[in-house]
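K.L.:
Please find the sequence and the predicted model below.
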Amino acid sequence: MMGEDGEHITVKLDDLLHARRMTLTQLSERVGLTLANLSILKTGKAKAIRFSTLEAICRELGCQPGDLLSYEP
Amino acid sequence: MLRVLNDPLLAVTQGLLRFIYMALFAITALLAIAACVGLLSGDQVSQYSTVTAAQRHGVVLILLVIPSLALFGWFVRILRQIVGTVAERTPFIAENAGRLARMGWLALALKGISIAAHWVLADLLALNKVALPDGGIVLALTLFILARVFRQGAAMREDLEGTV
């Protein structure tokens, strides 16, 4: 995700999935999001993330929002 | 197509606009042919007799009516494209903002032609040349504002599409 000033929010969904031996398809079934939308999030093409999405992903992956997102100036 | 049939308003609007567009096309073509024939025969007549003021005004009026019909046809064509996007359930796109702005300019041009036609008629019938205000300017302004609304709507839709 790129901000207006060229700053980056990196989505670390790939690392979290790898650590939990879970596929994107499995996660999409558990959180009730489409594979296409999760793929957009994973590849960093998303412009915004809903709290409900963040909550569902954190619940299923047993992590904190900070584990999923990081800020790189 | 099924979506259009399930929506009577859309179906009626699309059918009506298609009819108006085809009728305008046919009338404009017929008038253009008639004007060409009239002008050619007028040339022959003018060699033998003097052309009256009423005839001159008539020619000017026809020359004003033809472009106004063509512009209105263009207006209806753009409106059909916008209605088409409504039928596809994707009205908030940048193209529609541009289309609405073009419709605004067309409405202004039509208003200009109608003022010119009013002057010609007033001159012919010795009436007051001050044109009464109608909805032409208000329509153009509304279309320009709607173009901005759609531009904003398209940007918001784009943002929403990137939201997961």
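P.N.:
Cool, the structure landed.
K.L.:
from here on, contacts and neighbour counts on C-alpha atoms
P.N.:
OK.
K.L.:
need the strands for the chain, in chain order.
P.N.:
As the question left the chain open, I've gone with chain A. For chain A, strands defined by DSSP state E occupy the ranges A:8-11, A:69-72.
K.L.:
What sits closest to A:L38 if chain neighbours are left out?
P.N.:
Once flanking residues are discounted, A:L38 sits nearest to A:S28: 6.8 Å by CA to CA, 6 or more residues apart in numbering or on different chains.
K.L.:
For the one you found, give me its contacts.
P.N.:
A:T34, A:L35, A:L38 (CA atoms under 8 Å, 6 or more residues apart in numbering or on different chains).
K.L.:
sorry, back to before: next, format the strands of chain A as CSV and append distance to B:A35.
P.N.:
Output for those, formatted as CSV (distance: least, CA to CA, whole Å):
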stretch, distance to B:A35
strand A:8-11, 65
strand A:69-72, 71
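K.L.:
Single out the most deeply packed of those.
P.N.:
Comparing those by mean neighbour count (mean count of other CA atoms under 10 Å in any protein chain shown), strand A:8-11 ranks first with a mean of 17.
K.L.:
so what secondary structure elements neighbour it?
P.N.:
In terms of contacts (3 or more CA pairs under 8 Å, 6 or more residues apart in numbering or on different chains; DSSP states H and E), strand A:8-11 is packed against strand A:69-72.
K.L.:
ok, and what's touching the strand it packs on?
P.N.:
For strand A:69-72, contacts defined as CA under 8 Å, 6+ apart pick out A:E7, A:H8, A:I9, A:T10, A:V11, A:K12.
K.L.:
Provide a list of residues in contact with the fifth one.
P.N.:
By CA under 8 Å, 6+ apart, A:V11 lies in contact with A:M1, A:L41, A:K42, A:T43, A:G44, A:L68, A:L69, A:S70.
K.L.:
Burial check on the residue nearest to the third one when sequence neighbours are not counted, number of neighbours?
P.N.:
I take that to be A:K42. Excluding its sequence neighbours, the residue lying closest to A:K42 (CA to CA, 6+ apart) is A:L13, at 5.6 Å. As a burial measure, A:L13 scores 21 neighbours (other CA atoms under 10 Å in any protein chain shown).
K.L.:
now the residue sitting nearest the centre point of chain B, what's its secondary structure?
P.N.:
Nearest to the geometric centre of chain B sits B:F72, at 1.8 Å (CA atoms, centre = their mean). Here B:F72 is recorded as helix under DSSP: H, G, I helix; E, B strand; the rest coil.
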